[in-house]
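1. the sequence and its predicted three-dimensional model are supplied below.
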Amino acid sequence: QVQLVESGGGLVQPGGSLRLSCAASEMISSNYVMRWYRQAPGKQRERVATIGTLGRPIYVDSVKGRFTISRDDTKNTVYLQMSSLGPEDTAVYFCNALHLFTSNTYWGQGTQVTVSS
């Protein structure tokens, strides 16, 4: 089963940017849809961005125009570039891999993003 390790979280001021990375332990190019979720304190986990095997991205409305998901299959890595961050983006961000043929899903351990002045 694939293992996912997120990195890149931290403390950023409102209006700032961060890039999250998710490194997979095996090749993801043909078999996995990759997604980023986030969970704020006291709230349900929310899917914020999805990228399929052909690279087409999908975003939740609240991050459209501010977040960009991308994948580098040569590095088995998925990225989430976040800009114009606001306090409402404060959450633990999780990487998720959905296997296209088995429908198994895998999660990373999460990385904390805090937007505060």
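-> Sure, I can see it.
2. need the contact list for the closest residue to F101 other than its chain neighbours.
-> In space, F101 comes closest to N31 once its chain neighbours are excluded; the distance is 6.7 Å by Cβ to Cβ, 6 or more residues apart in numbering. Every residue, glycine included, has its C-beta placed from N, CA and C. Going by Cβ atoms under 8 Å, 6 or more residues apart in numbering, N31 touches 53, 99-101.
3. now for the strand or helix carrying L20, which elements pack on it?
-> According to DSSP states H and E, L20 maps onto strand 18-24. Counting contacts by 3 or more Cβ pairs under 8 Å, 6 or more residues apart in numbering; DSSP states H and E, strand 18-24 packs against strand 4-7, strand 32-39, strand 77-82, strand 91-99, strand 111-115.
4. let's see it at 6 Å
-> For strand 18-24, the elements it packs on are strand 4-7, strand 77-82, judged by 3 or more Cβ pairs under 6 Å, 6 or more residues apart in numbering; DSSP states H and E.
5. partner strands of that strand and their direction?
-> Sheet pairing of strand 18-24 (DSSP bridges) gives strand 4-7 (antiparallel), strand 77-82 (antiparallel).
6. taking strand 32-39 as reference, get the angle to it.
-> Going by axes from the mean of the first three to the mean of the last three Cα atoms, to 10 degrees, strand 18-24 is angled at 130 degrees with respect to strand 32-39.
7. can you list the buried residues in strand 18-24?
-> Neighbour-count burial for strand 18-24, counted by 16 or more other Cβ atoms under 10 Å, picks out 18, 20-22, 24.
8. with distance to L85 and pLDDT added, can I get those residues in JSON lines?
-> Output for the buried residues of strand 18-24, formatted as JSON lines (distance: Cβ to Cβ, whole Å; pLDDT from 0 to 100):
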{"residue": "L18", "distance to L85": "7", "pLDDT": "98"}
{"residue": "L20", "distance to L85": "12", "pLDDT": "98"}
{"residue": "S21", "distance to L85": "17", "pLDDT": "98"}
{"residue": "C22", "distance to L85": "18", "pLDDT": "97"}
{"residue": "A24", "distance to L85": "25", "pLDDT": "95"}
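9. what is the nearest of those residues to V12?
-> Of all those, V12 sits closest to L18, with 5.4 Å by Cβ to Cβ.
10. with that, I have no additional questions.
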